[in-house]
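A.B. asks: Have a look at this fold, sequence not included:
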């Protein structure tokens, strides 16, 4: 595509791609929850949720980042902007989203707010966010008490259950950003009274600094200073100088982003100007004159008191810029928003075919929006965190030797695509891989950056392990990063016509280190059957797969072994792709081909496949006893399907050494009666490699496509629904363990109880199934057909099976014939009229009804829907 024919957004992306870090200086990098994170936890017992609470957050300065509602910051989060609200009734100023802690929710932590990511561009030249704020007192206590009273068998008590949004008694608060240029940001706040009666709202667009001076992170304390009646000047030694222009306000308040020690810890404050001063001034009129008289600080807000008639709206304009502007709000101020919105329409208009329905296009657009709004600044230096105090709790030897103490070299300070900006405001390594796949559809440069930074020495440990997540960086996530690198590479190649071989070379070198770590650390018996613990699947095991089993019992895992087979095959594919341009990588391709063959032998020949059930199971190896299969049919036994590759004939013909070595290796193993994995040739002489032979593939697909087992209206369940009426129980070392089908929230307390892999549908696993089926279908074509669903009499090829799965998954979010979206379940009553286009993308979905469950804004990996439409 010529420069002349590219959209304005694509031209900006191309310019960003030439930067060392392909990132705009300003974006939605402000988290929606900083409290309750591991980073802010300086306690001896590691109780992050109770050490820094939501109640404390308005009064206590953070040490590792900031949070706010619908906010923005620069990419180092030195300067922050977000919205605060007060409906005249609440006991607190609404400055951040509220949710339950892990101990308060009957299914773990959960945000209890209504907010939506409506639009965003990769360069953030246009962004739109919606927050819904009730007229009535926000039901903080009701949400806590009701959920505390519920058991794990009960559904969660949600904010729509409280009644505060009944009869449209709420405000729609739209926050819109449009960049005039990279450092000139137009801000529009529009508030609509959806109720039938007039009511008032106080609005505080708030500007403040991340408090780095508390730990001497800055040489000079930054300042926000009043400059005239409608402007403040911002000075920061790192971020630079800026101006915030605002329309005439009812009040101008200044304070400092400093902890209120007097309130929280009964220690005297150095000054009355503390973080929660705006809260006290607005709610109880405390010290408001002093805040008005103060003309400089590190936190500032113009205050607007809006009185809105029923159905009417009010609008506030602001402008954050690095320029002196004589007339900041010209008559055509709105036109910048219109232009950027038009550019967003043009950019996304090229992603989908023109005949795509408006509803489907809206699903994809909001999924992309959520993905982009989830780009967050993340700051964590483990060594400093362990060896310094937060000024509240002294350094403790228990903490120095506690959580993450072996990761002292981990020093993160980047903008990272997060799973969820409230429930998971921290990266998880395998989530990040899927985020990069989604991101590569719209911003391949940033997608590549996200994969590469995880491999850098300030993330990956010296032994080659990738950090899992801040709650325990030493946990093990599935090794999907080679798969993700290939997906990102091919997506970019498809859109640009050529692939980035340099990227593949860079990541391949680091992935070799990680692959070696796996081989050395997760194969206890040296038989190429791998462990790995929970492997990101939380409670899917009949017991906690992270625990040390008694009496030298080893759990040999089908999924751990299969992930490694997939990893080896992906590494072979990367090496082959590079070798087409640089034949020095042929040897590496051979090496990973041989790894794949050996792992395939272990998976298929050493007891993980069960002939009577035609399924793969985990196996317990008990000291002095026969290995014992754990006969639970879950996605663990289907993970072997993921390891599939097609080697094109042109690759084989060009890479003579690889072809020769591959042939020798096959002949050697055949002559020595050794196992060979599935290897078939098509009519075009392309070669299919897979962990699963064709016969076993067909047998697995019979269960896979059985609606009484894995196939649900919304995709593939994580656990067979056979266990709904037939729970599986096993006795190990005199302890009884049971697993049953739970299609909704977790009824188990494993891993905090806030995720459930015992029945629901999970997007990343379904995405991997679909990509595998597409490859099988590409190779076999109509020579292999299966019954879909089982018992239907409808026989289709595997590519058509993948299409059926895509259709089922898409149906979770699209409107049915009654105008309802399955994702909203019993709350579809709310999503009518002005709310009918709104969407949320949950962490996982009910195994029977497809209702959204878990984290409600998991875009994040649920943004994979953009690749399935």
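C.D. replies: Alright, I've got the coordinates. None of these values were measured; they are calculated from a predicted model.
A.B. asks: measure residue 795 to residue 66 for me?
C.D. replies: Residue 795 sits 57 Å away from residue 66, going by CB to CB, to the nearest Å. Just so you know, the C-beta spots here come from the backbone N, C-alpha and C atoms, and that holds for glycine as well.
A.B. asks: Can you pick out the residue with more neighbours from these two?
C.D. replies: residue 66 (25 against 11; other CB atoms under 10 Å).
A.B. asks: quick one: strands adjacent to the helix or strand bottoming out on mean pLDDT in the chain?
C.D. replies: Every helix and strand in the chain was compared by mean pLDDT, DSSP states H and E; the lowest is strand 554-556, with a mean of 72. Sheet pairing for strand 554-556, assigned by DSSP bridges, gives strand 618-621 (antiparallel).
A.B. asks: helices or strands up against the helix or strand following the strand it pairs with?
C.D. replies: Moving toward the C-terminus from strand 618-621, the next helix or strand (DSSP states H and E) is strand 628-630. Where contact means 3 or more CB pairs under 8 Å, 6 or more residues apart in numbering; DSSP states H and E, strand 628-630 is packed against strand 618-621.
A.B. asks: and with 10 Å instead?
C.D. replies: strand 618-621, strand 728-732 (3 or more CB pairs under 10 Å, 6 or more residues apart in numbering; DSSP states H and E).
A.B. asks: from the middle of its chain, how far away would the longest one be?
C.D. replies: Mean C-alpha position of strand 728-732 versus that of the full chain (CA atoms, centre = their mean, to the nearest Å) differs by 34 Å.
A.B. asks: Let me see the mean pLDDT of that strand.
C.D. replies: In this model, strand 728-732 has a mean pLDDT of 83.
A.B. asks: Begin at 464 from now on, thanks
C.D. replies: Renumbered: residue one is now 464, and that last one reads strand 1191-1195.
A.B. asks: Once you drop chain neighbours, what's closest to residue 1311?
C.D. replies: Among residues not flanking residue 1311 along the chain, residue 1206 sits closest, at 4.8 Å (CB to CB, 6 or more residues apart in numbering).
A.B. asks: So residue 779 is in contact with residue 768, correct?
C.D. replies: No: look at residue 779 against residue 768 with CB atoms under 10 Å: they stay out of range, at 11.3 Å.
A.B. asks: hmm, back to that, I'd assumed residue 1180 was in contact with the residue nearest to residue 1311.
C.D. replies: Yes: applying CB under 10 Å, one finds residue 1206 in contact with residue 1180, separated by 7.5 Å.
A.B. asks: Spit out the residues that contact the two alike.
C.D. replies: Residues touching both residue 1206 and residue 1180 (CB atoms under 10 Å, 6 or more residues apart in numbering) are 1221, 1222, 1223, 1224, 1308, 1309, 1310, 1311.
A.B. asks: For the fourth one, list the residues it contacts.
C.D. replies: I take that to be residue 1224. 1173, 1175-1181, 1206, 1271-1272, 1275, 1307-1311, 1313, 1316.
A.B. asks: 6 Å - rerun?
C.D. replies: Shown in contact with residue 1224 (CB atoms under 6 Å, 6 or more residues apart in numbering): 1175, 1177, 1178, 1180, 1308.
A.B. asks: Likewise for the second one?
C.D. replies: When the contact criterion is CB under 6 Å, 6+ apart, the partners of residue 1222 are 1180, 1182, 1204, 1205, 1206, 1310.
A.B. asks: more crowded one of residue 779 and residue 768?
C.D. replies: residue 779 (18 against 14).
A.B. asks: Could you list every helix and strand that the helix or strand where that one lies packs against?
C.D. replies: Using DSSP H and E, residue 779 sits within strand 776-784. Helices and strands touching strand 776-784, by 3 or more CB pairs under 6 Å, 6 or more residues apart in numbering; DSSP states H and E, are strand 647-656, strand 703-709, strand 762-771.
A.B. asks: Is it possible to get TSV of these that adds mean pLDDT?
C.D. replies: Below are these laid out as TSV (pLDDT from 0 to 100):
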stretch	mean pLDDT
strand 647-656	98
strand 703-709	98
strand 762-771	98
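A.B. asks: mind checking which of those strands is nearest residue 537?
C.D. replies: strand 703-709 (8.7 Å; CB to CB).
A.B. asks: Sheet partners, orientation included, of the following helix or strand past that closest one?
C.D. replies: Using DSSP H and E, the helix or strand that follows strand 703-709 in sequence is strand 714-718. Note on strand 714-718: by DSSP bridges, its sheet partners are strand 762-771 (antiparallel).
A.B. asks: Check what contacts the strand it pairs with and list those residues.
C.D. replies: 656, 663-667, 669-671, 687, 695, 709, 712-718, 720, 777, 779.
A.B. asks: Show the contacting residues for the residue nearest to residue 861 when sequence neighbours are not counted.
C.D. replies: Spatial nearest neighbour of residue 861, chain neighbours left out: residue 507 (4.6 Å); criterion: CB to CB, 6+ apart. For residue 507, the contacting residues are 859, 861, 862, by CB under 6 Å, 6+ apart.
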